[in-house]
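In: how would this look folded up:
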Amino acid sequence: MSEPQKNMSAAEINKLICAYVAAFPDVLPASAVPEQMRKGKVDKDGWVEWQVTQAMVDHVSLAALENQQSIKIPVCVREYLSSCCHLLEQVHSSAYQDTLVMMTPVPGDSPLQPLAELIAAWRPLIDCGYFPIALWGDAWGPVCIDISDASKEPAPLVWFDHSELNTVKERSRASLHSLAKPLYPGFREFMLDILTPVSPH
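Out: Residues are numbered from 1 along each chain as shown. Below is the predicted model of the structure:
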């Protein structure tokens, strides 16, 4: 992997997400779109376009999630969650042959719930120094930030094949290290890869 660039600020992430959504507007079932995020009216089939809205996450809500889960949220993830509310979920990697990436959305009515669910699903990885932030492919496995070295910032991103994880009886840093597949040198490179508009999917 190449040398990582510094992490993106919340303002930079907001700009990137807004540009992507403007290029590729999306519709979802109205039931999945909070009122404040609806752009226009619900169509006759019950679908509505959604829009990016102001961030609802602050240091207080992040601290509450950290205390509830007994975790430390990486700086880059804090910036991501604090950037805006959005419903982006299925995007693609330009660097990895158009591979599907299942992002963690930040809905306006419950901005931290998707991340909390991801943490609950992959909690053992956090205890081993890998913080989940997305899913690689069609739910092939989690994309994680390697948080094992607190002095290393930005931290690299890797992914784990869930079928390989299922073969590990006792998960530890040592047992998982060989299964970690390198993806990006840092969070900035990850975001730029999946959110730089190239072509619609």
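In: how far is the lowest-mean-pLDDT helix or strand in the chain from where the chain is centred?
Out: One helix or strand of the chain scores below all others by mean pLDDT, DSSP states H and E: helix 173-177, with a mean of 91. Chain-centre distance of helix 173-177: 23 Å, with Cα atoms, centre = their mean, to the nearest Å.
In: Identify the residues contacting that helix?
Out: 125, 128-130, 148, 160, 165, 168 (Cβ atoms under 8 Å, 6 or more residues apart in numbering). Any C-beta I mention is one placed from the backbone N, CA and C, and that applies to glycine too.
In: What mean pLDDT does the following helix or strand past that helix get?
Out: Per DSSP states H and E, the first helix or strand lying C-terminal to helix 173-177 is strand 181-184. Strand 181-184 shows a mean pLDDT of 97.
In: how about strand 181-184 as PDB, C-alpha atoms only?
Out: Coordinates of each C-alpha in strand 181-184 appear next as PDB, following Å, rounded to 0.1, in the frame of the first residue of the first chain:
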ATOM      1  CA  LYS A 181      -6.500  -8.500   3.500                       C
ATOM      2  CA  PRO A 182      -5.000  -5.000   2.900                       C
ATOM      3  CA  LEU A 183      -7.200  -2.500   1.100                       C
ATOM      4  CA  TYR A 184      -6.300   1.200   1.700                       C
END
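In: Report all helices and strands that whichever helix or strand comes after it contacts.
Out: Tracing the chain past strand 181-184, the next element assigned as helix or strand by DSSP H and E is helix 187-195. Contacts defined by 3 or more Cβ pairs under 8 Å, 6 or more residues apart in numbering; DSSP states H and E place helix 187-195 against helix 10-23, helix 75-81, strand 90-92, strand 157-159, strand 181-184.
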